[in-house]
Each structure stands twice: as C-alpha cells, then as structure tokens.
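In: build me a structure from this.
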Amino acid sequence: MSYHPEQPGSRPMPPNYSQASGPQQHYAPQSQQYSQPQTHSGQTNYEGQPGYGSQRAYGAQPNYGGQPGYGAQPGYGMPQMHNPAMFDSRSLPEQAYGPGSEQFWMAHEPDRTTALWTHLGSLIFGFMPLIMFLVKKDESPFVREHSRQGLNAMITNTIVTFGALFVFGFVGFILALVTFGIGIIVMYAALIVPLVYCVFYIIAAVAANKGEGYKFPLTINFVK
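Out: As a prediction, the model looks like this:
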C-alpha cells in the first residue's frame, strides 16, 4: 500500500469505501427482501380487492334498478289467451282488429271455422251469434270476440230495423193517402238497414276465416 504524504494547506480526503465494500454484494438482495414486506404498510392488496373496495355486488345492484321482469309484464296487459274464463274484451287494443290482427289472436283452424259459420249462420238464423257466445265464451277468446261482435250487431240491427219500419211505414202510409197508394213504396226503404248488416256479416266471416278480428261498424256495444 503506497503512502502519499499530505500537502500542506490541502484538505484531508475521505477514505474510499467503495472498493472495500465492493465484495459485499450479497447484501443487495436483502434490501429487496426487506423492501417487499413494506407493501403491506401501504395496503395495496386491500385497496385493489374488488370484493371489498368497489363492492359491485352490493353497490350497483343492476337486478333491482331495471327490474325488466316486473316492469313490462306483458301477460297482464294483453287478454288472457290461455285462460278464456278471465278474458275481457274491454282490454283489447286496436291491434286486435283489422288486417294484420291474426298475429295478435294466433287462432287455430277450428276456431276460425267456428267464427266463420257464426257470421254466415246469422244471415239465415239470426240467433246464431247468441248461441255461439253462450257455448264458446269460456273456451276460445277468438270465437268469443267474434260471436260477441255478431251478437251486438244482431241486437242493433233488430232495433234499428223495427225503428225504420215504424218511421217509414208511417211516412209511407201518409204519402199513400196523398198519392193514391204510390207513396207506400217508401215503406220498403226500411229494408236497407238489414241489407247493410248482411254486408257486415259477410265481411266479418271473411275476417274470421283469415284469423283476424273484426269490429262491426254502426253497432252499439251492448254485450261486453
């Protein structure tokens, strides 16, 4: 080891420990070993735990916010097709009538045939809608609605026809006295009413054959 004498007036230099401590490299890994447990003091494992920190299972609760199973409830808004005894025609929407309503009813072939002959039978036997309504009202909603519409048309047709016969009969009788019997032709104008409803029955029969609902015009809704 060489000796260097200190110069006068110069400051003493600190000893060089880097060379002396150079071989002690086995202490460096120990510093890493001691630095790793310090992560527990910062609690990084607890802050990143999704089960306790974010609590998505309890905080968000998506099943209770939307509640799609209880909000829509399509089974109560539409008629009870699977339970005809609970069928209520007053809850029927406008989509239940007219072209395209076969998707609403989804009527089977026997129900279509029964509703078809209900309207055609009304042309010959006027009480056919009443009979079919009493027999099928608790079995088929499609037949029930068609027979109900036909029954209301039958009642309205009967009332209006008798009223027209009374009015036109009275007017025709007066005109017959004045015109020497020619005015009696006015009485036949009362037959226009049943002819108009016969056309309605035929249209309803065609709609029933297609599986569509039909709402009779110029008809009072007596039976609901």
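
In: please enumerate the helices of the chain.
Out: 28-35, 39-42, 44-47, 56-59, 62-66, 68-71, 74-77, 102-105, 109-124, 128-136, 141-178, 192-210 (DSSP state H).

In: make a markdown table from those and add mean pLDDT to it.
Out: Converted to a markdown table, the helices of the chain look like this (pLDDT from 0 to 100):
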| stretch | mean pLDDT |
| --- | --- |
| helix 28-35 | 43 |
| helix 39-42 | 42 |
| helix 44-47 | 44 |
| helix 56-59 | 44 |
| helix 62-66 | 47 |
| helix 68-71 | 44 |
| helix 74-77 | 41 |
| helix 102-105 | 94 |
| helix 109-124 | 96 |
| helix 128-136 | 94 |
| helix 141-178 | 93 |
| helix 192-210 | 97 |
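
In: reformat these as TSV; add distance to R90 and mean neighbour count.
Out: Every C-beta, even on glycine, is put in place using the N, C-alpha and C of the backbone. TSV is the format used below for the helices of the chain (distance: least, Cβ to Cβ, whole Å; neighbours: other Cβ atoms under 10 Å):
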stretch	distance to R90	mean neighbour count
helix 28-35	78	9
helix 39-42	69	9
helix 44-47	60	10
helix 56-59	44	9
helix 62-66	31	8
helix 68-71	23	8
helix 74-77	13	8
helix 102-105	16	16
helix 109-124	20	19
helix 128-136	16	19
helix 141-178	11	19
helix 192-210	20	17
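
In: wait, which of the ones you listed is closest to P217?
Out: helix 192-210 (6.9 Å; Cβ to Cβ).

In: ok and that closest one relative to helix 141-178, angle-wise?
Out: 160 degrees (axes from the mean of the first three to the mean of the last three Cα atoms, to 10 degrees).

In: C-alpha coordinates for helix 192-210, PDB please?
Out: Output of helix 192-210 as PDB, limited to C-alpha atoms (Å, rounded to 0.1, in the frame of the first residue of the first chain):
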ATOM      1  CA  ILE A 192    -132.000  -1.100 -46.400                       C
ATOM      2  CA  VAL A 193    -131.000  -1.500 -42.700                       C
ATOM      3  CA  PRO A 194    -130.900  -5.300 -42.700                       C
ATOM      4  CA  LEU A 195    -129.200  -5.400 -46.100                       C
ATOM      5  CA  VAL A 196    -126.400  -3.200 -44.800                       C
ATOM      6  CA  TYR A 197    -125.900  -5.500 -41.800                       C
ATOM      7  CA  CYS A 198    -125.800  -8.600 -44.100                       C
ATOM      8  CA  VAL A 199    -122.800  -7.000 -45.800                       C
ATOM      9  CA  PHE A 200    -121.200  -6.500 -42.400                       C
ATOM     10  CA  TYR A 201    -121.800 -10.200 -41.600                       C
ATOM     11  CA  ILE A 202    -120.100 -11.300 -44.800                       C
ATOM     12  CA  ILE A 203    -117.100  -9.100 -44.200                       C
ATOM     13  CA  ALA A 204    -116.800 -10.400 -40.600                       C
ATOM     14  CA  ALA A 205    -116.900 -14.000 -42.000                       C
ATOM     15  CA  VAL A 206    -114.000 -13.300 -44.300                       C
ATOM     16  CA  ALA A 207    -112.000 -11.800 -41.500                       C
ATOM     17  CA  ALA A 208    -112.800 -14.800 -39.200                       C
ATOM     18  CA  ASN A 209    -111.600 -17.200 -41.900                       C
ATOM     19  CA  LYS A 210    -108.300 -15.300 -42.000                       C
END
